[in-house]
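K.L.:
Have a look; sequence and predicted model below, questions after that.
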Amino acid sequence: MHNFDSDYLNRLKMRDSETESHFAAYFSRLVTIKLRMLGFSGGALEDMRQETLLRVLKGARAGTVQQPERFSSYVYAVCNHVVSEWKRAEWPARHEQEDEALEFIDPAPQPEDNIRQDEIRKTVYWLLDRVSRRDRSILLAVFMDERDKDEICREFNVSREYLRVLLHRALLNAKKKLGNADSKWIQKGAL
């Protein structure tokens, strides 16, 4: 993991070739992973990856990054904007070409969804009541609050590597608790 600071951003701003190469290599991989997880591939993925990196470089050169320690979050936010813009631009083009009429799905939750969500919620609360306070805090911070990993590390006074160990242990402990539960409470993907 790389620690980003104001010196790193200044080097990007000054077009330092070594820093730019590091930036491209480091974030190219991470943005590609994020885009693949969102279901993109091929040319669309490559276009969005390049657009994201270009916008981030322009932002760094313009001095729009206010918190260097949250540079990774900034990159992901730019990627999210690029994806949103792409979806808005592609939506009409994709559907103009279809011969079939569009089937609109009612966005209101279906009764089955409400029941499933209620069961999952009960399972999660049941589980959180049975794990240690530290495991509960880590699981909530990472999965429910989706907090920045560096912020969590500072809170628990641990390194990123050790946070992975703590998270792994917390998940193992949670799975053990679920394994001992009545089968009706176990929902695949509840965590």
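P.N.:
Arrived safely.
K.L.:
Give me the helices and strands touching the worst-scoring helix or strand of the chain on mean pLDDT, please.
P.N.:
Lowest on mean pLDDT, DSSP states H and E among the helices and strands of the chain sits helix 111-130, with a mean of 78. The contact analysis (3 or more C-beta pairs under 8 Å, 6 or more residues apart in numbering; DSSP states H and E) places helix 111-130 against helix 160-179. The C-beta positions use only the backbone N, C-alpha and C, and glycine is treated the same way.
K.L.:
Let's see that with 10 Å instead.
P.N.:
The helices and strands touching helix 111-130, judged by 3 or more C-beta pairs under 10 Å, 6 or more residues apart in numbering; DSSP states H and E, are helix 133-139, helix 160-179.
K.L.:
Now do the SS call for F40.
P.N.:
coil (DSSP: H, G, I helix; E, B strand; the rest coil).
K.L.:
Now do the least confident helix or strand of the chain against helix 160-179, angle only.
P.N.:
Interaxial angle, helix 111-130 versus helix 160-179 (axes from the mean of the first three to the mean of the last three C-alpha atoms, to 10 degrees): 110 degrees.
K.L.:
for helix 111-130, the distance to its chain's centre please.
P.N.:
The chain centroid and the centroid of helix 111-130 are separated by 23 Å under C-alpha atoms, centre = their mean, to the nearest Å.
K.L.:
can you check stretch 5-17 too?
P.N.:
When distances are taken as C-alpha atoms, centre = their mean, stretch 5-17 is centred 25 Å away from the chain's centroid.
K.L.:
what's the domain layout of this protein?
P.N.:
Following automatic domain parsing, one gets these domains for the chain: 6-96, 111-185.
K.L.:
Let me know which of the helices and strands packed on helix 111-130 is tucked in deepest.
P.N.:
Stretch with highest mean neighbour count among these: helix 133-139 (a mean of 17; mean count of other C-beta atoms under 10 Å).
K.L.:
got the CA coordinates for that one in CSV?
P.N.:
C-alpha atoms of helix 133-139 as CSV (Å, rounded to 0.1, in the frame of the first residue of the first chain):
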residue,chain,number,x,y,z
ARG,A,133,-16.9,-5.9,20.8
ARG,A,134,-13.8,-5.5,18.7
ASP,A,135,-15.0,-7.8,16.0
ARG,A,136,-18.4,-6.0,16.0
SER,A,137,-16.6,-2.6,15.7
ILE,A,138,-14.4,-3.8,12.8
LEU,A,139,-17.3,-5.4,10.9
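K.L.:
Helix 160-179 and the helix or strand just after that helix, what's the angle between them?
P.N.:
Using DSSP states H and E, the helix or strand that follows helix 133-139 in sequence is helix 149-156. Angle, helix 149-156 to helix 160-179, by the same axes, to 10 degrees: 80 degrees.
K.L.:
Using PDB, write down the CA coordinates of helix 149-156.
P.N.:
The C-alpha coordinates for helix 149-156 follow below in PDB (Å, rounded to 0.1, in the frame of the first residue of the first chain):
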ATOM      1  CA  LYS A 149      -9.500   1.700   5.700                       C
ATOM      2  CA  ASP A 150      -6.800   4.200   6.800                       C
ATOM      3  CA  GLU A 151      -9.300   5.900   9.100                       C
ATOM      4  CA  ILE A 152     -10.100   2.500  10.700                       C
ATOM      5  CA  CYS A 153      -6.400   1.700  11.100                       C
ATOM      6  CA  ARG A 154      -5.900   5.000  13.000                       C
ATOM      7  CA  GLU A 155      -8.900   4.200  15.200                       C
ATOM      8  CA  PHE A 156      -7.700   0.800  16.100                       C
END
